[in-house]
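**Q** Task: produce atomic coordinates for the following.
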Amino acid sequence: MLATRPRLRSCLVGALFLVFVAELSVVQAQEFVKVKRVVDGDTIILETGERVRLLGVNAPEVNHPKKAVEAFGKEASEFTQRMVEGKLVRLETDLPASANDKHSRIRAYVFLQDGTHLNAEIIRQGYGFAVSGRTPLKYEYEFRRLEQEAREKRRGLWALAGKGE
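**A** Now for the predicted structure:
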């Protein structure tokens, strides 16, 4: 049907192009916000007071009300602190994941001004491990690859793992 109506097809292509450009400008126009404080290896607090849970990564616990400090938790928390505390970051959400978790934290990927992807860097350096969503997350396969590399090179918490890991 579209082949017989070139004008309609042209309008649809034009509309799709405008949607693409609008989406691109929204991504590029995202604002940077300052990180006020790091709670632990995978949770930060923004200058606005909002709490952000890093999406697709889990770091060992240090501030859990019902759990003891886990092995390598302090190091993971200190790594995240060095990376982002007091710095400007940009948040990116993922459509398959809900915007907030059960603790009302924003679930997001965090990027520094230089483009460094904090979530990926935590996994790459062995300060946390990849976690999956019910629907595959945008960076899930990259995170899995980075975790495998960190395991093989025994980086961070993977240096603590037994030989059978």
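
**Q** what's the domain layout of the protein?
**A** For the chain, automatic domain parsing gives the domain ranges 1-30, 33-159.

**Q** now the longest one, how far from the chain's geometric center?
**A** Between the centre of domain 33-159 and the centre of its chain there are 6 Å (Cα atoms, centre = their mean, to the nearest Å).

**Q** Between the two ends of that domain, how far is it?
**A** 34 Å (Cα to Cα, to the nearest Å).

**Q** before we move on, the earlier item: the domains of the chain into a markdown table, with extra columns for mean pLDDT?
**A** Formatted as a markdown table, the domains of the chain follow (pLDDT from 0 to 100):
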| stretch | mean pLDDT |
| --- | --- |
| domain 1-30 | 48 |
| domain 33-159 | 92 |
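
**Q** Of those domains, which stretch is the most buried?
**A** When those are scored by mean count of other Cβ atoms under 10 Å, the highest mean neighbour count falls to domain 33-159 (a mean of 17). C-beta: built from backbone N, CA, C; applies to glycine.

**Q** Give me the most central residue, the chain.
**A** Centrality entry for the chain: nearest residue to the mean C-alpha point is Tyr109, 2.5 Å, by Cα atoms, centre = their mean.

**Q** That residue reaches Gly56, doesn't it?
**A** Yes - proximity of Tyr109 to Gly56 meets the contact threshold set by Cβ atoms under 8 Å, at 7.2 Å.

**Q** Tell me which stretches of this protein form helices.
**A** Ranges of helices in the chain, per DSSP state H, are 6-28, 73-84, 118-124, 140-152.

**Q** Spatially nearest residue to Val39, not counting backbone neighbours?
**A** Of all residues not flanking Val39 in the chain, Asn63 sits nearest, at 5.8 Å (Cβ to Cβ, 6 or more residues apart in numbering).

**Q** wait, that neighbour sits on Gly41?
**A** No - counting by Cβ under 8 Å, Asn63 sits too far from Gly41 to count as a contact (9.9 Å).
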